[in-house]
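[1] Let me see the structure of the following:
(2 chains)
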Number of protein chains: 2
Amino acid sequence: MALANPAVQPAAAVAPFGSAVGLSCRECGQTYDLGPSYACLECFGPLEVSYDFGGVSREAIEAGPANIWRYRDLLPVPADVADKPNLAPGWTRLVRARNLGKELGLRSLHVKDDSGNPTHSFKDRVVAIALEAARTFGYTTLSCSSTGNLAGAVTAAAARAGLRACVFIPADLEQAKIVMASVYGGDLVGIEGSYDEVNRFCSELIGDPLGEGWGFVNVNLRTYYAEGSKTLAYEIAEQLGWRLPDQIVIPVASGSQLTKIDKGFRELIKLGLVEEKPYRIFAAQAAGCAPVSSAYKAGHEVVQPVRPDTIAKSLAIGNPADGPYVLDIVRRTGGAVEDVTDAEVVDAMRLLARTEGIFAETAGGVTVGVLRKLTEAGVLDPDAETVVLNTGDGLKTLDAVAEFARPTAVIRPSVDAFRAAFDDRG
Amino acid sequence: MALANPAVQPAAAVAPFGSAVGLSCRECGQTYDLGPSYACLECFGPLEVSYDFGGVSREAIEAGPANIWRYRDLLPVPADVADKPNLAPGWTRLVRARNLGKELGLRSLHVKDDSGNPTHSFKDRVVAIALEAARTFGYTTLSCSSTGNLAGAVTAAAARAGLRACVFIPADLEQAKIVMASVYGGDLVGIEGSYDEVNRFCSELIGDPLGEGWGFVNVNLRTYYAEGSKTLAYEIAEQLGWRLPDQIVIPVASGSQLTKIDKGFRELIKLGLVEEKPYRIFAAQAAGCAPVSSAYKAGHEVVQPVRPDTIAKSLAIGNPADGPYVLDIVRRTGGAVEDVTDAEVVDAMRLLARTEGIFAETAGGVTVGVLRKLTEAGVLDPDAETVVLNTGDGLKTLDAVAEFARPTAVIRPSVDAFRAAFDDRG
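    All right, here's what the predicted structure looks like:
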């Protein structure tokens, strides 16, 4: 029986959560009404949205808009969500990466490139779902703890939706992320500490009267927010021609994205939108923040927190909430977890740019670096259909490649000067 | 009669230029075969692609991919262009800008946001067309003179297409543009001088044996390249529901984009894809590089070159090749040319970010600034359907807003510290 949730709002004319019917605890299975809940009252486990989808057809999806709202019937959002002021993210490119595949020895490789989203990271997907929930629950301030990308996504979405924003980041982030998190207005607060300290601070703030009426997209709205990552799974499958990939490499920060891509794939099978088939999920971390990779390699089921030290700051979560679920999924699907050094991250960023014309964030260097490492190690099947995720934009982490990305020469505007500079190069 | 062009290639199995049938001089009307020609042999006027479209239906376009290749039948590209390695740009968001419209007093305002393109500017559109022409003509090096965005678009496209790249920029560009123009590989050459000097240098290089086999997208491939801007017109009309806007504000650097949007609108009318109706085209420049605006205000038909000095570096072309055509079109359609100061550019960038969650490049600050100025002056009709273009990305011109985009506060990770910092703000 569902426990009543005191904060739940009266039903609107349009079902505010669409085909979602309730929340359930991922640990003990206890069910709850749809409300601003994020932890099980029985066991403190994380809650997840459950649905009663009814029939969803490929045709209905294909007739939808070129953004995540084409999947509105599979998300906890109202049917008229596309008419509301939001950033309408998604439907980003799935790039057939023949050059990179050839270089690595992979026969069929695709890059899912989420840098084309409105604020240039996959975070626009999750924020768009959290924003709808915030509206339904009557929150007037949109907030988050962030390693950078999320702060920009939240402040941009709040600006367009007409909500107040107040977001929290570690004070030592890249300049591009700081500018992007403050240019949309609202308050940006730098915290002297790591992301994990920012996150703890936000949990404290929610319990304080100061935080009343605040929707923290990745804390008290996390149950809804996390569902946004399912759209990556839906898009990849639809863009492959309604087919699941054989193997996929996904970055791990909190681990939420990976668990939701798995959930999305399973939903597509259950709905008959794709054929059932085995798929293997591979998780990628930076060596400087690899708690899940370490646990995987040690054969543990528990993830030991670490203090992050890596240029892949958007993945620098030392205490990943969904780490154990990542281990479960990777083991269940026959995948693996691997990590790469900062130098390998930079190499992989340059490799992806040089071969496919995609300038990824450091997080994209992590996934492509792990893709390379696992291919070389014979762990990935070179003949299988493979997808690798790029979740962010190189323009936000310029320093990582600045040393290698400079003019070949600076010359006067004359052909003679050009000839002199390039004469020895043929 | 068409003059034979010695460099034209033998016809391939698939018509390499699709429905394009020839080139014609915009000044004297002389016609030429399709070839790597860019100036009239009779009068040195610029050449333009002419077509024999046959029938093109809305349905055929709507069934196409979510990128510019949905309009392949209206472009000088082969029918199988979508299968070739290119960046597949376009089909970017047309954002209904209710907040910005309300702030400015415009009833129906849309922002065409081209920052979602693969290298985050509209240049991916024009380069994609030039790349196909380069392949057809057998060029092995892709090149350009650039104010920054184009260099990144060319090197990225060349990387994916497997061509060599060598691009030329003024040496004093923003760091983000320098990194983005070199991270994809190839040679990036900084020139000590303005864009106009870079451009003259490139024209010199084409005539030199060193430049043999080089396709300069905006010089010897310019005739094809420029056609890519028509896709902005097509997308705007289709995204409005197959309707032309009443008025549109377009940035002017060389002026090519504006002339091609006008061409695109006229083609849509001619093909019966939209109803014929009057539309007004407004041109936007930065006060620090406003040769077309100055000519417009003085009632001249000739554009006097200037030496640029503005933060809108992507528009800093002091000697705009298509300036006179811009004046023609603006006068013919009942539009205007206006310019805004650097301070107004920054204000407009912040206004757009704050109201719509769109972080534009300085060039977007120019168009939104001019939109505001012309609305306040009563030149734009507040009740008419209006579109304003954002052609680039704020992440590439961070310095313009860095002064205003900083953390509100930097604090220790405690609620008490937060309360102390924000206590006086209620």
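[2] wait, residue A:409 sits on residue A:420?
    No. Judged on C-beta atoms under 8 Å, residue A:409 makes no contact with residue A:420 at a distance of 9.4 Å. The C-beta positions use only the backbone N, C-alpha and C, and glycine is treated the same way.
[3] out of those two, which sits in the busier spot?
    residue A:409 (17 against 13; other C-beta atoms under 10 Å in any protein chain shown).
[4] Chain neighbours aside, what residue packs nearest to that one?
    Excluding the flanking residues, the one nearest residue A:409 by C-beta to C-beta, 6 or more residues apart in numbering or on different chains is residue A:421, at 4.3 Å.
[5] Ok, residue A:309 next?
    Using C-beta to C-beta, 6+ apart, the nearest residue to residue A:309 is residue A:288, at 4.4 Å.
[6] And that neighbour, its phi and psi?
    When read as degrees, to the nearest 10, the backbone of residue A:288 gives phi -80, psi 0.
[7] same thing with residue A:269?
    Per degrees, to the nearest 10, the backbone of residue A:269 is at phi -60, psi -50.
[8] Helix, strand or coil: sort out residue A:23 for me.
    Judged by DSSP: H, G, I helix; E, B strand; the rest coil, the three-state class of residue A:23 is strand.
[9] Next up, the contacts around it.
    Residues near residue A:23 by C-beta atoms under 8 Å, 6 or more residues apart in numbering or on different chains: A:31-35, A:37, A:47-50, A:223.
[10] Using CSV, write out every CA atom in the helix or strand encompassing residue A:202.
    Residue A:202 belongs to helix A:195-206 when assigned by DSSP states H and E. Listed next in CSV are the C-alpha coordinates belonging to helix A:195-206 (Å, rounded to 0.1, in the frame of the first residue of the first chain):
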residue,chain,number,x,y,z
TYR,A,195,31.7,18.7,-4.9
ASP,A,196,30.9,16.2,-2.2
GLU,A,197,31.1,19.1,0.3
VAL,A,198,28.9,21.2,-1.8
ASN,A,199,26.4,18.4,-2.0
ARG,A,200,26.4,17.8,1.8
PHE,A,201,25.9,21.6,2.2
CYS,A,202,22.8,21.5,0.0
SER,A,203,21.3,18.6,1.9
GLU,A,204,21.7,20.6,5.0
LEU,A,205,20.1,23.7,3.4
ILE,A,206,17.0,21.7,2.4
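[11] which element follows it toward the C-terminus?
    strand A:214-216.
[12] Name the residues of the stretch 251-400 of chain A found near chain B, please.
    Contacts of the stretch 251-400 of chain A with chain B, taken as C-beta under 8 Å from any C-beta of the partner chain, map to A:349-350, A:353-359, A:393-396, A:398.
[13] rerun that using 10 Å as the cut-off
    A:349-360, A:393-396, A:398-400 (C-beta under 10 Å from any C-beta of the partner chain).
[14] Weed out the non-buried ones from those.
    Taking 16 or more other C-beta atoms under 10 Å in any protein chain shown as the criterion, what is buried in these is A:349-360, A:393-396, A:398, A:400.
[15] how about the helices in the stretch 251-400 of chain A?
    Assigned by DSSP state H, counting those that start in this stretch, the helices in the stretch 251-400 of chain A fall at A:256-270, A:291-298, A:323-333, A:342-356, A:362-376, A:399-402.
[16] Residue B:146 is nearest to which of the ones you listed?
    Between residue B:146 and those, the tightest spacing by C-beta to C-beta is seen for helix A:342-356, at 17.3 Å.
[17] Now do the closest one and helix A:362-376, the angle between them.
    90 degrees (axes from the mean of the first three to the mean of the last three C-alpha atoms, to 10 degrees).
[18] what's the neighbour count on the residue lying closest to residue A:411 once chain neighbours are set aside?
    Among residues not flanking residue A:411 along the chain, residue A:417 sits closest, at 4.1 Å (C-beta to C-beta, 6+ apart). Residues near residue A:417, counting by other C-beta under 10 Å, number 17.
[19] Would you confirm that residue A:417 belongs to a strand?
    No. If the criterion is three-state DSSP, then residue A:417 is helix and not within a strand.
[20] pLDDT score assigned to it?
    If you check residue A:417, the pLDDT there is 95.
[21] OK, contacts around it?
    Shown in contact with residue A:417 (C-beta atoms under 10 Å, 6 or more residues apart in numbering or on different chains): A:409-411, B:189, B:191-192, B:201.
[22] Using neighbour counts, give me the buried entries of those residues.
    Counted by 16+ other C-beta under 10 Å, these give A:409, A:411, B:189, B:191, B:201 as buried.
[23] Can you pick out the ones from these that are in helices?
    residue B:201 (DSSP state H).
[24] Between which two of the buried ones among the contacts of residue A:417 is the distance greatest?
    Farthest pair in the buried ones among the contacts of residue A:417, by C-beta to C-beta: A:409 and B:201, 13.0 Å.
[25] shaky segments in the stretch 301-426 of chain A?
    Counting by pLDDT under 70, the stretch 301-426 of chain A shows low-confidence ranges at A:424-426.
[26] which parts of stretch A:194-203 are buried?
    For stretch A:194-203, using 16+ other C-beta under 10 Å, the buried residues are A:194-202.
[27] how about residue A:28, phi and psi?
    Dihedral pair for residue A:28: phi -110, psi -10, per degrees, to the nearest 10.
[28] Next, count neighbours for it.
    Neighbours around residue A:28, by other C-beta under 10 Å: 11.
[29] Assess the claim that it and residue A:39 are in contact.
    No. Contact criterion C-beta atoms under 10 Å: residue A:28 and residue A:39 do not qualify, at 11.5 Å.
[30] follow-up on the earlier one: just the helices of the stretch 251-400 of chain A: most buried one?
    Compared across the helices of the stretch 251-400 of chain A, helix A:362-376 shows the largest average neighbour count, a mean of 28 (mean count of other C-beta atoms under 10 Å in any protein chain shown).
[31] by how many degrees do that helix and helix A:291-298 diverge?
    Using the same axes, to 10 degrees, helix A:362-376 lies at 20 degrees relative to helix A:291-298.
[32] helices and strands around helix A:362-376, which ones?
    Contact analysis of helix A:362-376 by 3 or more C-beta pairs under 10 Å, 6 or more residues apart in numbering or on different chains; DSSP states H and E lists helix A:98-104, strand A:108-113, strand A:247-251, strand A:280-286, strand A:336-340, helix A:342-356, strand A:385-390, helix A:399-402 as its packing neighbours.
[33] Who are the packing partners of the helix or strand that contains residue A:144?
    Residue A:144 belongs to strand A:141-145 when assigned by DSSP H and E. Contacts defined by 3+ C-beta pairs under 10 Å, 6+ apart place strand A:141-145 against helix A:123-137, helix A:149-161, strand A:164-170, strand A:187-191, helix A:195-206, strand A:214-216.
[34] any chance of the contacts of residue A:23 in CSV, with secondary structure too?
    Below are the contacts of residue A:23 laid out as CSV (three-state DSSP):
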residue, secondary structure
A:31, strand
A:32, strand
A:33, coil
A:34, coil
A:35, coil
A:37, coil
A:47, strand
A:48, strand
A:49, strand
A:50, strand
A:223, helix
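[35] And the buried ones among those residues, selectable in ChimeraX?
    What follows is the ChimeraX syntax selecting those of these that are buried according to 16+ other C-beta under 10 Å:
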select /A:32,34,35,37,47,48,49,223
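[36] and which of the contacts of residue A:23 is nearest residue A:149?
    residue A:223 (20.4 Å).
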